[in-house]
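# Test case, fold it:
(one chain, ligands or ions: 2)
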Amino acid sequence: MRFTVAIDGPAASGKGTIARALAARFGFAHLDTGLLYRATGLRAAEAGIDPAAAAASLREADLARPDLRGAEAAEAASRVAALPEVRDALLVFQRNFAAREGGAVLDGRDIGTVICPDAEVKIFVVASPEERARRRHAEFVAAGDPRTLAEVAEDLRIRDERDAGRAAAPLKPGAGARLLDTTEMSIDAAVAQAARWINEQLPEA
Ligand SMILES: Nc1ncnc2c1ncn2[C@@H]1O[C@H](COP(=O)(O)OP(=O)(O)O)[C@@H](O)[C@H]1O
Ligand SMILES: Nc1ccn([C@@H]2O[C@H](COP(=O)(O)OP(=O)(O)O)[C@@H](O)[C@H]2O)c(=O)n1
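Ligands and ions are numbered 1, 2, ... in the order given. Got it, this is the predicted structure:
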């Protein structure tokens, strides 16, 4: 069976958490596509190579770096993600992942619009900017990053503006996407709602 769940939304809205939980619940494979852009951004900056070349030559080890979830990687990702050549270089890998037998969940910014416009289920996850900053800040505190809440909020604001304002695959809901506002939702409630939408579309066993 091929079945694709596309999850998009702004930074720290809860995409990855929901995608991971859905993949575990339904036995689908999960791809956090943000990691591809994070790894590309870091690699291009460090090796001083063209970002498109960095994207085209990503290796497993690049995606296993411990610093991928940090603020520097996020900023580098959002810069290279505005380049159409970088997006093109990552497209086929993502499409192949989505088409795998057994089902797949992908989370990112353009999954429901560009990568998988025909996904069986599209979910656009949002939360208020304050709540998203609070969540990301809590993660940084847990990881020992001294960034303040105000700094985190400002980083997210700049990145969201860049991601939604760029010409190449801007952040926006795909046609037919369901809106999931997690601002006042528990993780369990958010996952349960998403799971109901998937169950509605799953073929009868
Ligand atoms: N209702 C919720 N849904 C999803 N994540 C939530 C929720 N409430 C709190 N979180 C927390 O928000 C943080 C950011 O979530 P994450 O999945 O990393 O977001 P994203 O992938 O959109 O950047 C995580 O620490 C997660 O546990
Ligand atoms: N499908 C995707 C995924 C990420 N990205 C870019 O990569 C950056 C990091 O994405 P991420 O999903 O890891 O970031 P968070 O939402 O977890 O903060 C985003 O700010 C986007 O610029 C993208 O352009 N397209």
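# And the strands in the chain?
Listed in chain order, the strands of the chain (DSSP state E) span residues 4-8, 29-32, 104-108, 121-126, 178-181.
# Relative to D145, which of those strands is closest?
strand 29-32 (19.2 Å; C-beta to C-beta). Quick note: C-beta positions are derived from backbone N, CA and C, even for glycine.
# Please export the C-alpha coordinates of that closest one as CSV.
Taking C-alpha atoms only, strand 29-32 is exported to CSV below (Å, rounded to 0.1, in the frame of the first residue of the first chain):
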residue,chain,number,x,y,z
ALA,A,29,8.1,5.6,7.6
HIS,A,30,8.9,9.1,8.7
LEU,A,31,11.1,11.7,7.1
ASP,A,32,11.8,15.0,8.8
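# hmm, back to that, as a markdown table, the strands of the chain with mean pLDDT would be great.
Formatted as a markdown table, the strands of the chain follow (pLDDT from 0 to 100):
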| stretch | mean pLDDT |
| --- | --- |
| strand 4-8 | 98 |
| strand 29-32 | 98 |
| strand 104-108 | 98 |
| strand 121-126 | 98 |
| strand 178-181 | 98 |
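# Which of the ones you listed sits closest to I198?
strand 121-126 (5.3 Å).
# now that closest one and strand 104-108, what's the angle there?
30 degrees (axes from the mean of the first three to the mean of the last three C-alpha atoms, to 10 degrees).
# Run through who's touching strand 121-126.
If you take C-beta atoms under 8 Å, 6 or more residues apart in numbering as the criterion, strand 121-126 is touched by 4-10, 13-15, 18, 111-112, 173-183, 190, 194, 197-198, 201.
# Relative to Q193, how far out is L36?
Between L36 and Q193 the computed distance is 27 Å (C-beta to C-beta, to the nearest Å).
# What does the pLDDT read for the residue of the chain found nearest ligand 1?
Taking C-beta to the nearest ligand atom, ligand 1 has its nearest neighbour within the chain at G14, 2.5 Å off. For G14, the pLDDT comes out at 97.
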